[in-house]
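S.K.: fold the following for me, if possible:
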Amino acid sequence: MPVGNREQDRLRQQCAEELHLLLVARGTKLGGKELAQEIHRVRGDVPVILCTGFSEIPSEPELKALQICGLIMKPILMRELAEKIRLALGRGPA
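M.R.: Take a look at the predicted model:
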């Protein structure tokens with residue numbers, strides 16, 4: 001579900017050069033998968049980590065197709081979050 005022009009403009013502004021990673025951890029008007037798609041339309045180079053509490057986990061091919069580089073199940077463990085962020089930013093495991 002594409003967002004309207006006003007929301008796309010806001011996303012573009014928020015995806016300024018200083019954005020290095022997007023962590024989708026709570027609901028927005030868009031679902032996590034839709035938000036990842038919109039972010040990648042604006043800036044395709046931003047790594048996205050999806051945090052979900054749903055029992056229906058997206059498949060590996062679906063995550064790859066959406067360019068989601070990591071998936072974390074809620075409740076979030078800080079060690080797991082730190083590892084996913086390091087990997088998403090290309091810094092490797094601790």
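S.K.: all helices of this structure, in order?
M.R.: Remark: helices assigned in the chain by DSSP state H are 5-14, 32-42, 60-65, 78-88.
S.K.: averaged pLDDT, the first one. What do you get?
M.R.: Over the span of helix 5-14, the pLDDT mean works out to 65.
S.K.: do the third one as well
M.R.: Taken as a whole, helix 60-65 has a mean pLDDT of 89.
S.K.: about what we covered before: JSON lines for the helices of the chain, including distance to Leu71 and mean neighbour count?
M.R.: Using the backbone N, CA and C atoms, a C-beta is placed for each residue, glycine as well. As requested, the helices of the chain are exported to JSON lines (distance: least, C-beta to C-beta, whole Å; neighbours: other C-beta atoms under 10 Å):
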{"stretch": "helix 5-14", "distance to Leu71": "22", "mean neighbour count": "12"}
{"stretch": "helix 32-42", "distance to Leu71": "10", "mean neighbour count": "19"}
{"stretch": "helix 60-65", "distance to Leu71": "6", "mean neighbour count": "12"}
{"stretch": "helix 78-88", "distance to Leu71": "8", "mean neighbour count": "14"}
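S.K.: closest one to Leu50 among those?
M.R.: Nearest to Leu50 among those is helix 32-42 (4.7 Å), distances taken as C-beta to C-beta.
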